[in-house]
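# Sequence first, predicted model second:
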Amino acid sequence: MSNLLVQFFSWWNGSTWGTRFYTWRKGTKVGEDQFGNVYYEGDGGRRWVQYNGLAEATKIPPGWHGWMHFRTDIPPTREKYEMRDWELPHRENLTGTAGAYFPKGSLSNPAERPRVTGDYEAWNP
């Protein structure tokens, strides 16, 4: 019963019932990415994604991101999207997790920050 309530009222645990109904009624499936996210297009060119798991925008890979934000009208399923040699593989945002990046000298990283030219000297009374 609690799982039903979570699905009914929360949007961050996946699609709400309203979104599922709208998708069933007006959505046309455009494709699916390697993470299991499913992309749809509806009336007036409206585009949306149903995430596989938690709704986190950083789970959208670069090819689909361009389509979602109307940078291109051709989804990656209809053309061969090739990553450039300088592009890194997609990673979701790790902020707030154990895998987050902490630069040297931050409160969460005990390593000392390297000195650079133009560093300031702290005032000592």
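Here it is on my side, so go on.

# What is the subsequent helix or strand relative to the helix-or-strand element of the chain with minimal mean pLDDT?
The least trusted helix or strand in the chain, going by mean pLDDT, DSSP states H and E, turns out to be helix 2-9, with a mean of 64. The helix or strand immediately downstream of helix 2-9 is helix 17-26, counting by DSSP states H and E.

# List the buried residues in that following helix.
Neighbour-count burial for helix 17-26, counted by 16 or more other C-beta atoms under 10 Å, picks out 22-23. Where C-beta positions appear, they are placed from N, C-alpha and C, glycine not excepted.

# What of stretch 98-113?
By 16+ other C-beta under 10 Å, stretch 98-113 has no buried positions at all.

# Now do the end-to-end distance for it.
With C-alpha to C-alpha, to the nearest Å as the measure, stretch 98-113 spans 21 Å from end to end.

# just stretch 67-85 next, same as before
End-to-end for stretch 67-85, by C-alpha to C-alpha: 21 Å.

# which ones are touching the residue positioned nearest the centre of the chain?
Most central in the chain under C-alpha atoms, centre = their mean is residue 58, positioned 1.4 Å from the mean C-alpha point. By C-beta atoms under 8 Å, 6 or more residues apart in numbering, the contact list for residue 58 reads 92-93.
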